[in-house]
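> everything below, folded, please.
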Amino acid sequence: MSDLDCRIFGDTFYSDMLVRFSHCDPAGIVFYPQYFIMFNGLVEDWFNQGLGVNYARYITERRLGFPIVKLECDFVAPSKIGEIITLGLKLEKLGKSSMQIAVVCRYREEERLRARFVLVAMDLERQRAQPVPDDLRGLMLGFQQGQFDINNL
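Sure thing, here's the model as predicted:
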């Protein structure tokens, strides 16, 4: 997803994204399901760049996935082709096998979307929830406590 810049301020991971033609409906605004694809890209960027963990290896080598099991979304204002929007990700709650994520999408200072979703750590072989691995849990807790700084890398 990361077309542009990623950064962390406090306990929030931010990723800028260009709204492309492929994201839009014929009116030139983001077709709402495209946001859900953006959310997955945002989570991948958070793992890769925010937490310093290779997301693809979790799936291909560790056989651990992170599907969305619950999703709430408020569409506040439309985003348009050519705009650079900023998605902010905050880890609100970390459970045994789940994590609650809040996302805010802005264009400049204007809020475009608010979402909250729950991801579950899933054993891809057994297709069942499993506890978040200790190494990943430690990174997520550090992020949640504002201990990460990727801004000067």
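> every contact and neighbour count from this point should use C-alpha atoms.
OK.
> restrict the lengthiest helix in the chain to CA atoms and write it as CSV.
Ranked by residue count, the top helix of the chain under DSSP state H comes out as helix 33-45. Output of helix 33-45 as CSV, limited to C-alpha atoms (Å, rounded to 0.1, in the frame of the first residue of the first chain):
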residue,chain,number,x,y,z
PRO,A,33,-15.0,-1.3,-0.6
GLN,A,34,-11.6,0.0,-1.8
TYR,A,35,-11.2,1.5,1.7
PHE,A,36,-11.3,-2.1,3.1
ILE,A,37,-8.5,-3.1,0.8
MET,A,38,-6.6,0.0,2.0
PHE,A,39,-7.1,-1.1,5.6
ASN,A,40,-5.3,-4.4,4.8
GLY,A,41,-2.5,-2.5,3.1
LEU,A,42,-2.3,-0.2,6.2
VAL,A,43,-2.0,-3.2,8.5
GLU,A,44,0.8,-4.7,6.3
ASP,A,45,2.6,-1.3,6.3
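> buried sites along whatever helix or strand comes next after it?
Sequence order places helix 55-60 as the next helix or strand after helix 33-45, per DSSP states H and E. Within helix 55-60, the residues that count as buried by 16 or more other C-alpha atoms under 10 Å are residue 55.
> remind me what helix 55-60 packs against, helices and strands.
When contacts are defined as 3 or more C-alpha pairs under 8 Å, 6 or more residues apart in numbering; DSSP states H and E, helix 55-60 sits against strand 64-65.
> number of nearby residues for residue 32?
Residue neighbour count, defined by other C-alpha atoms under 10 Å, stands at 15 for residue 32.
> sorry, slip of the keys, the one I care about is residue 139.
With other C-alpha under 10 Å as criterion, residue 139 counts 18.
> repeat that for the one 3 residues further on.
Number of residues near residue 142 (other C-alpha under 10 Å) recorded here: 14.
> what helices and strands are in contact with the helix or strand of the chain with the lowest mean pLDDT?
When the helices and strands of the chain are scored by mean pLDDT, DSSP states H and E, strand 6-9 comes last with a mean of 90. In terms of contacts (3+ C-alpha pairs under 8 Å, 6+ apart), strand 6-9 is packed against strand 12-18.
> so where's the chain shaky on pLDDT?
Counting by pLDDT under 70, the ranges of the chain that qualify are 1-4, 149-153.
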